[in-house]
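coordinates only, sequence not included:
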């Protein structure tokens, strides 16, 4: 039996809250640490009562079962019951918890590197807030056991998630279309193929692996870009779909295998669902406002808790949220062909993928045709991995404090910025209309760079040049 102060544990272990959930190196995520986080969650939200069920799910990382065992130990110690949903996409677990009115815990590192993992927490009404995180980090708990056997899997959550989408669209929606599914180690790979097939698609499974692959939908590498093009040509695909590791961020490729940017996916999905208000981070494409499709656009810091907080401020009309990674959050008042869509205020990959396919079929065009007529603003992003957060913060402070630091980084290629946005990191707008946005990742030791310009080569060059100059 060990008494643990969560704040001190975070400092000692290095396992701390990031943009969304607790994240850390697998080597630091001991059973005791994970059980302590679970107990802090139950304590902070006052969940400890007889018969209280807590849904538990996990992704396919090799470290996830052991972490889940620690969560089981914590749940049982608190006197609660474990509703174990097995391996499934994060949005499937969240949907089940909402429907059942119970809290949930998801063991996932999402897209972060292989040597890391994480835990996400859900109240009965959705993701925990930053205030909930603060309550958890100030808790002191006593850990009695650091592991317990995983219970039998309850398939209800996965079944409910599948039904949400197969009942929303016509059974022949994708008849005649061949859709590739880049399976890798995604927790969504099976349900994604099943839903596409049930909606009439000829599904081609691609590169399934039992080795974990950390897919970052915001920073798609050149190897994955070329892989998409090759698959589209080899299999004569109409579309190509994938997700990150836990299935809450989509990766959608057109008939040529070109991956669509996540914020453009979100923009099109919000339009398809009839959103009146869009809530999206400051890093997303300004084509959202320029499209004129929405009555209101609310910009937030990066991370689903901030997007959700923005969505909660909206009291009327259809509300949608999305991020640059393509993850889509369905608020109230959305519909498909007159059918109401129940809110799911957590990132989802399946909804935007199906929405774009349905939108293209409805307009009689290929996926690339959906981009025609959009405001011509293009975004690119990439990152420097293994870049300590302290170094990122020091760089941003230097750029904000000293105008000459701009010239030191970019020379005379961009000129002085005409606008400076510090909502999240440092977002600089230049007289040419070029935008460069730098921020440390909230989940891993990475410096992220986003750029926006009037053409894609320019946006990509801004990112590449900026990161190259920073890396030295």
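All right, it came through fine. Just so it is clear, the structure is predicted and the values come from calculations on it, not from any experiment.

any idea how far the residue nearest to residue 347 when sequence neighbours are not counted lies from residue 260?
With CB to CB, 6 or more residues apart in numbering as the measure, residue 327 is the residue that lies nearest to residue 347, at 3.0 Å, once sequence neighbours are left out. For the C-beta atoms, the positions are set from N, CA and C on the backbone; glycine is no exception. Distance, residue 327 to residue 260, using CB to CB, to the nearest Å: 14 Å.

picking that back up, so who does the residue nearest to residue 347 touch?
The contact partners of residue 327, by CB atoms under 8 Å, 6 or more residues apart in numbering, come to 248, 249, 250, 262, 304, 347, 348, 349.

and for residue 123, nearest residue in space, chain neighbours not counted?
Once flanking residues are discounted, residue 123 sits nearest to residue 103: 5.6 Å by CB to CB, 6+ apart.

would residue 346 count as being in a strand?
Yes - using DSSP: H, G, I helix; E, B strand; the rest coil, the assignment for residue 346 is a strand.

what about the residue nearest to it when sequence neighbours are not counted, neighbour count?
Using CB to CB, 6+ apart and skipping the chain neighbours, the partner closest in space to residue 346 is residue 94 (4.3 Å). Counted by other CB atoms under 10 Å, the residues lying close to residue 94 total 26.

same check on the one 10 residues further on?
Summarising burial for residue 104: neighbours were counted as other CB under 10 Å, giving 28.

pretty sure it is touching residue 58, no?
No - taking contacts as CB atoms under 8 Å, residue 104 lies outside contact range of residue 58: 11.5 Å.

now do the helices in the stretch 201-350 of the chain.
222-235, 262-272, 287-290, 304-312, 350-363 (DSSP state H, counting those that start in this stretch).

what are the buried residues along the strand or helix carrying residue 12?
Secondary structure assigned from DSSP states H and E places residue 12 in helix 6-13. Buried positions in helix 6-13, judged by neighbour count with 16 or more other CB atoms under 10 Å: 6, 9, 10, 13.

make CSV from the residues you listed and add pLDDT and distance to residue 309 to it.
Formatted as CSV, those follow (pLDDT from 0 to 100; distance: CB to CB, whole Å):
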residue, pLDDT, distance to residue 309
6, 96, 23
9, 96, 26
10, 95, 23
13, 95, 28
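
now distance to residue 150 too, for those residues, in TSV please.
Formatted as TSV, those follow (distance: CB to CB, whole Å):
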residue	distance to residue 150
6	24
9	24
10	26
13	23
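
what is the most widely separated pair among those?
Maximum pairwise distance in those, criterion CB to CB, is 10.2 Å, between 6 and 13.

was I right about residue 399 contacting residue 409?
Yes - using CB under 8 Å, residue 399 is in contact with residue 409, at 7.1 Å.

how close does residue 62 sit to residue 245?
Distance, residue 62 to residue 245, using CB to CB: 12 Å.

of those two, which one has the most company?
More crowded of residue 62 and residue 245, by other CB under 10 Å: residue 245, with 29 against 13.

gap between the residue nearest to residue 347 and residue 413?
When distance is defined by CB to CB, residue 327 is 33 Å away from residue 413.

for residue 91, same thing?
Counting by CB to CB - residue 91 and residue 413 are separated by 41 Å.

comparing those two, which residue is more hemmed in?
Of the pair residue 91 and residue 413, residue 91 is the one with more neighbours under other CB under 10 Å, namely 27 against 13.

three-state assignment of that one?
Here residue 91 is recorded as helix under three-state DSSP.

you'd agree it is up against residue 348?
Yes - the criterion here is CB under 8 Å, and residue 91 meets it with residue 348 at 4.0 Å.

report the set of residues contacting both of these two.
Common neighbours of residue 91 and residue 348 (criterion: CB under 8 Å, 6+ apart): residue 248.

which residues sit against the lengthiest helix in the chain?
With secondary structure taken from DSSP state H, the chain has its longest helix at helix 456-471. Applying CB under 8 Å, 6+ apart, the contact partners of helix 456-471 are 378-384, 395, 409-410, 413, 434, 436, 438, 447, 449-453.

in ChimeraX, select just the buried ones from the residues you listed.
Buried subset of the contacts of helix 456-471, written as a ChimeraX selection, criterion 16+ other CB under 10 Å:
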select :378,379,380,381,382,383,384,395,409,410,434,436,438,447,449,450,451,452,453
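
my guess is residue 308 contacts residue 345, does it?
Yes - look at residue 308 against residue 345 with CB under 8 Å: they come within range, at 5.3 Å.

now for those two: what residues contact both?
Taking CB under 8 Å, 6+ apart as the criterion, residue 308 and residue 345 both touch 126, 127, 321, 329.

excluding residues flanking it in the chain, which one is nearest the third one?
With CB to CB, 6+ apart as the measure, residue 329 is the residue that lies nearest to residue 321, at 3.7 Å, once sequence neighbours are left out.

from residue 431, how far out is the one you found?
34 Å.

then residue 332?
Plainly put, residue 332 is 40 Å away from residue 431 if you go by CB to CB.

the more surrounded of those two?
When residue 332 and residue 431 are compared on other CB under 10 Å, the one with more neighbours turns out to be residue 332, at 17 against 11.

was I right about that one contacting residue 319?
Yes - using CB under 8 Å, residue 332 is in contact with residue 319, at 5.7 Å.

which regions of this protein sit below the pLDDT cut-off?
The model of the chain has pLDDT under 70 over residues 403.

domain assignment for it?
Domain assignment for the chain, taken from automatic domain parsing, gives 2-155, 168-371, 378-471.

nearest to residue 161, out of the ones you listed?
Of all these, domain 2-155 sits nearest to residue 161, with 3.6 Å by CB to CB.

so how far is the closest one off the chain centroid?
18 Å (CA atoms, centre = their mean, to the nearest Å).

how long is it from one end to the other?
One end of domain 2-155 sits 34 Å from the other (CA to CA, to the nearest Å).

check stretch 206-221 too.
One end of stretch 206-221 sits 17 Å from the other (CA to CA).

before we move on, what about stretch 138-149?
This stretch, stretch 138-149, spans 29 Å end to end (CA to CA).
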